[in-house]
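Got a predicted model here, sequence first, then my questions.
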Amino acid sequence: MPELPEVETVARELRVLILGKTIQDIEAVWYKSFDNQSSIPISGQVIKKVGRKGKYLSLQLTRSALVIHLRMTGQLLYSTHFDYDNTHIRAKIRFNDTTELLFKDTRKFGRIYHVNDAGDILYKIGMDAIDPTLDVDLFKSLVKKSSVNIKSFLLAQNKIAGVGNIYADESLHRAGIHPASLSNKIPDVKLRNLHTHLLDILHTAIENMGSTISDYRDSYGNVGNNQRFFRVYQRTGEACLNCSMPISKVRIAGRGTHFCVKCQKVYN
DNA sequence: CTAATCACCTGAAGGC
DNA sequence: TGCCTTCAGGTGATTA
């Protein structure tokens, strides 16, 4: 589910909802969902800062940190009452004002890590895709250093963090680059295009509160709006909005990949 | 280093 | 209705 725009939406909401709250305790309803790697007690610690890097959320506490990845179906739902639906709730972060942050995760892939320092988890992640210091030149040099196909490059979180299957396909379509193109064979002009469109797509998706395919919800339980603006993702067989050619779907990097054969040129 | 495949899980959808 | 297969916003380990 959630890629950068969805996680950013949740991060912004959590800053309003839980910043400054004191944690009472954390209950691991499904044992694997909460991975406690620190001996520092959580109880009594205050949420000092809510951050995001790539698809990871980080909650800086007084003395330690919680790092959260929602994977495919994770949701962080803020609750002020106790009569909620417990289905698929895998962990509960309780605050001392009786409110809770519920970790709902149908497929159980998501994780809440408790670590001494958020860097213990985040050190392996590349630069965030909307980090202002990731300018065109740096973007181009990262891509040109890679020999993998561009779709795989965009999905590789250790290079640029936050882009997933939806926004990889959407940005490659806008930039007119075939997803199977080799990263180091794409012309500079096209990479410049890709950088521009990737940023535009991510920022627009944030403005639209993220994309909901099926499971994504924000911390209020609301769906996103950005799925209405997809041009290729999940539009297989439908007309390309640029040229009317039916959208194709193939498997690249082990993922369903949507593109237009006419608008997206292969470089290799 | 890269590429492919499986593993982790549950549920929805489509074919028969 | 039921059974079986395939697929899904992700990533990490393992095997060529």
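Okay, I see it. Here the structure is a predicted model, which is why all the values come from computation and not from measurement.

give the contact list for whichever residue of the stretch 51-200 of chain A sits closest to DNA strand B.
DNA strand B sits closest to A:R107 of the stretch 51-200 of chain A, with a gap of 3.4 Å, by Cβ to the nearest atom of the strand. (C-beta placed from N, C-alpha, C; glycine too.) Counting by Cβ atoms under 8 Å, 6 or more residues apart in numbering, A:R107 makes contact with A:71-73.

which among these gets closest to A:G237?
Of all those, A:G237 sits closest to A:M72, with 24.3 Å by Cβ to Cβ.

At the contact with DNA strand B, which residues of chain A appear?
Within chain A, the residues that sit near DNA strand B (Cβ under 7 Å from any atom of the strand) are A:32, A:88, A:106-109, A:146-149, A:152, A:214, A:253-254.

among the residues you listed, which are in strands?
Per DSSP state E, strands hold no members of the residues of chain A next to DNA strand B.

mind putting these in TSV, pLDDT and distance to A:N242 included?
Shown next, in TSV, are the residues of chain A next to DNA strand B (pLDDT from 0 to 100; distance: Cβ to Cβ, whole Å):
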residue	pLDDT	distance to A:N242
A:K32	97	44
A:H88	97	40
A:T106	96	36
A:R107	96	35
A:K108	97	40
A:F109	97	35
A:S146	96	27
A:S147	94	29
A:V148	96	26
A:N149	96	22
A:S152	97	24
A:S214	93	27
A:A253	94	24
A:G254	93	27
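
Report the entries of the residues you listed that also contact DNA strand C.
Okay, of these touching DNA strand C (Cβ under 7 Å from any atom of the strand), that's A:107, A:109, A:214, A:254.

okay, among these, which ones form the most distant pair?
Farthest pair in these (Cβ to Cβ) is A:S214 and A:G254. Separation: 20.1 Å.

any idea which of the contacts of A:R107 has the most stuff around it?
Neighbour tally across these (other Cβ atoms under 10 Å): the maximum, 19 neighbours, falls on A:T73.

Now do the nearest residue to A:T98 once chain neighbours are set aside: how many residues are near it, please.
Leaving aside its sequence neighbours, A:T98 sits nearest to A:T80 (Cβ to Cβ, 6 or more residues apart in numbering; 7.8 Å). The tally of other residues near A:T80 (other Cβ under 10 Å) stands at 11.

and A:T80, what pLDDT?
We have a pLDDT of 95 for A:T80.

before we move on, what about A:M1?
A:M1 carries a pLDDT value of 63.

about what we covered before: may I see the PyMOL selection of the buried members of the residues of chain A next to DNA strand B?
Selection of buried members from these for PyMOL, criterion 16 or more other Cβ atoms under 10 Å:
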select buried, chain A and resi 88+106+148+149+152+253
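
Put together TSV for the residues of chain A next to DNA strand B, with distance to A:C260 on each row.
Listed next are the residues of chain A next to DNA strand B as TSV, based on distance: Cβ to Cβ, whole Å:
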residue	distance to A:C260
A:K32	40
A:H88	37
A:T106	32
A:R107	31
A:K108	36
A:F109	31
A:S146	24
A:S147	25
A:V148	22
A:N149	17
A:S152	19
A:S214	24
A:A253	18
A:G254	21
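
Inside helices: which ones of the residues of chain A next to DNA strand B?
A:S152 (DSSP state H).

Would you check which pair of the residues of chain A next to DNA strand B lies furthest apart?
A:H88 and A:S147 (40.7 Å).

returning to that earlier point: please tell me I have it right and the residue nearest to A:T98 contacts A:T99.
Yes. Counting by Cβ atoms under 8 Å, A:T80 touches A:T99, with 4.9 Å between them.
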